[in-house]
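# Turn this into a model:
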Amino acid sequence: MDIKVNRKELFKEILSYAKIIVGTFLIVFILNTCIIANAQVPTGSMETTVMTGDRIIINRLAYKFEEPHRGDIVSFIFPDDGKTPYLKRVIGLPGETIEGKNGDIYINGELLKANYTDEKSYDDFGPYKIPDKSYFMMGDNRNNSFDARYWNNKFVKLDDIIGKALVSYFPHPRILK
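Numbering: from 1, shown residues only. This next block holds a predicted model:
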């Protein structure tokens, strides 16, 4: 009789642990597919803001109720291949005309004052009229960034934005701005 009781108790104990483990995996799965994304930055295109090898957290819900703002660091699907995730900064907004001349960026003919980096690239580009629900992205490491200036499809559609980068947690922990 004691052996049967012990087996029942053991089975109940294993079942309770299994419920906890399955519940934990379910919560992590929902968090990682619906609310946040975890990524590692493979290139130096956003240095010195985000360094090569940084692990970052991306908020997938950031643009469900509002649109991206100029200066946001976002993860998105690269428009030239439709599958590769990229990380860049939003520079141009829908309806704007963007142009690069002599190392400066102009939005609707006016100098962009908040340039988010001290690095200047003297590659002229544009002018480009940004379509509705689309954005123009650039890396902070302007001289070492394969960004919208060089893509075939210059603009990232709102639907292709994965989310807003919030924090780098390893190996350089900080809030991303």
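
# isn't Ile130 right next to Phe136, touching?
Yes. Using CB atoms under 8 Å, Ile130 is in contact with Phe136, at 5.5 Å. Every residue, glycine included, has its C-beta placed from N, CA and C.

# more neighbours, the two?
Taking other CB atoms under 10 Å, Ile130 and Phe136 do not tie; Phe136 has more neighbours (28 against 22).

# which secondary structure element contains the more buried one?
Phe136 is located in strand 134-138, with elements delineated by DSSP states H and E.

# Ala18 too?
helix 2-30.

# Could you pull up the mean pLDDT of that helix?
Here helix 2-30 scores 85 as its mean pLDDT.

# likewise stretch 74-85?
Here the mean pLDDT over stretch 74-85 is 97, rounded to a whole number.

# Which positions within that stretch qualify as buried?
Using 16 or more other CB atoms under 10 Å as the test for burial, stretch 74-85 gives Val74, Ser75, Phe76, Ile77, Phe78, Pro79.

# other SSEs contacting the longest strand along the chain?
Secondary structure of the chain per DSSP state E: the longest strand is strand 161-170. In terms of contacts (3 or more CB pairs under 8 Å, 6 or more residues apart in numbering; DSSP states H and E), strand 161-170 is packed against strand 36-40, strand 55-59, strand 73-77, strand 174-175.

# Please repeat the previous calculation with a cut-off of 6 Å.
strand 55-59, strand 73-77 (3 or more CB pairs under 6 Å, 6 or more residues apart in numbering; DSSP states H and E).
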